[in-house]
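A.B. asks: no letters, just coordinates:
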């Protein structure tokens, strides 16, 4: 289980890092659980698109080694029409902190190094058995097609980006020795509930040990409008 104290610390670190690198967050990034209880249906886009904080250790129990500190700035809702068809996330990548190897069936994304240290990303195509292929692949790096070997480390300096296509396995992290990175993801609609396919043991939304009070709510924890009477101690127990 992931500890609430570790979530609170990860968010504090991310806020400090974004501030240091002059990346301001929207006001709802700082709404407390008590403030969320007062929010009505005017905030339903935030609720339904799961905008805001997203902290995970992928079930590893070790956020600094294998985890992510993400803030979802905008997103659509998968399976609906008339809403946004795009998503944008900003991430605080701690030095050496990796995601598990995974791919998406629907989402196409650009991973952008916006500031800080350098990012390494490894990419593979899937073979007919659903496993990483050993074949080389063509990858668009800042709009320039590059032929790379399977699993080759692509080096992204600040300002550089890579396009990850659906069914393209990937893993990325802030390169050791270069410091933390401010990473941006611009993509089609992101559905983290159903569109993450793991090639190693991972849990996208681990259970949480409430070892200390929530100082922030994660994107799946917002109380629905009008549910104040169902909440206790200013924290909704019936979150989305």
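C.D. replies: Sure thing, it's come through. This is a predicted model, so every value here is computed, not measured. Numbering: from 1, shown residues only.

A.B. asks: is the most centrally placed residue in the chain in a helix, a strand, or coil?
C.D. replies: The centroid of the chain falls nearest to residue 70 when counting by CA atoms, centre = their mean (4.2 Å). Recorded secondary structure, residue 70: strand (DSSP: H, G, I helix; E, B strand; the rest coil).

A.B. asks: spatially nearest residue to it (excluding sequence neighbours)?
C.D. replies: Across the structure, with CB to CB, 6 or more residues apart in numbering as the measure, the residue nearest residue 70 apart from its sequence neighbours is residue 54 (4.1 Å). Placement of C-beta: from N, CA and C, glycine included.

A.B. asks: how about the secondary structure of that neighbour?
C.D. replies: Using three-state DSSP, the secondary structure recorded for residue 54 is strand.

A.B. asks: correct me, but it touches residue 71?
C.D. replies: Yes: at 7.2 Å, residue 54 counts as touching residue 71 under the criterion of CB atoms under 8 Å.

A.B. asks: between those two, what contacts are shared?
C.D. replies: Common contacts of residue 54 and residue 71 (CB atoms under 8 Å, 6 or more residues apart in numbering): residue 89.

A.B. asks: dump the residue contacts of the residue nearest to the centre of the chain.
C.D. replies: Listed by CB under 8 Å, 6+ apart, the contact partners of residue 70 are 53, 54, 55, 56, 89, 90, 91.

A.B. asks: what does residue 146 give?
C.D. replies: Applying CB under 8 Å, 6+ apart, one finds that residue 146 lies in contact with 138, 139, 140, 154.
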